[in-house]
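**Student:** compute the structure for the input listed below.
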Amino acid sequence: MLTTGLAISQAELSRKEGVSRARITQLLNLLKLPQEIKDHLDNITDEKQLEIFTERRMREILKINDTKIQIARFNQLMSKADKIK
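**Tutor:** Sure, this is the predicted structure:
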């Protein structure tokens, strides 16, 4: 909605969607994940595996300032997901 102009700010988006501005910020911050991680998440089809990659876990990865470490942490989660198969 922000990129198409349906909302001009995060505050307006939060009002339109009925969630807090803090929640909008949390969700938009997920877009800052490294592309490698976003690509992997986009391609998961197994619902059991999706349970490993919670938003909370992704937010924890975002707190890490080093992209290489972010990817390493994500790879640890992928190892857990692979065991579910």
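
**Student:** for this structure, which residues score under the pLDDT cut-off?
**Tutor:** 85 (pLDDT under 70).

**Student:** per-domain residue ranges of it.
**Tutor:** 1-32, 33-85 (automatic domain parsing).

**Student:** a markdown table for the ones you listed, including mean neighbour count?
**Tutor:** Backbone N, C-alpha and C define where each C-beta goes, glycine included. Shown next, in a markdown table, are these (neighbours: other Cβ atoms under 10 Å):
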| stretch | mean neighbour count |
| --- | --- |
| domain 1-32 | 12 |
| domain 33-85 | 13 |
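
**Student:** and the contacts of stretch 28-47?
**Tutor:** Outside stretch 28-47, the residues that touch it by Cβ atoms under 8 Å, 6 or more residues apart in numbering are 2, 10, 50, 53, 55, 58-59, 61-62, 67, 70-71, 74, 78, 81, 84-85.

**Student:** one more pass at 7 Å, please.
**Tutor:** 50, 53, 58, 61-62, 67, 70-71, 74 (Cβ atoms under 7 Å, 6 or more residues apart in numbering).

**Student:** what's the farthest-apart pair in the residues you listed?
**Tutor:** Leu50 and Thr67 (23.0 Å; Cβ to Cβ).

**Student:** thank you, goodbye.
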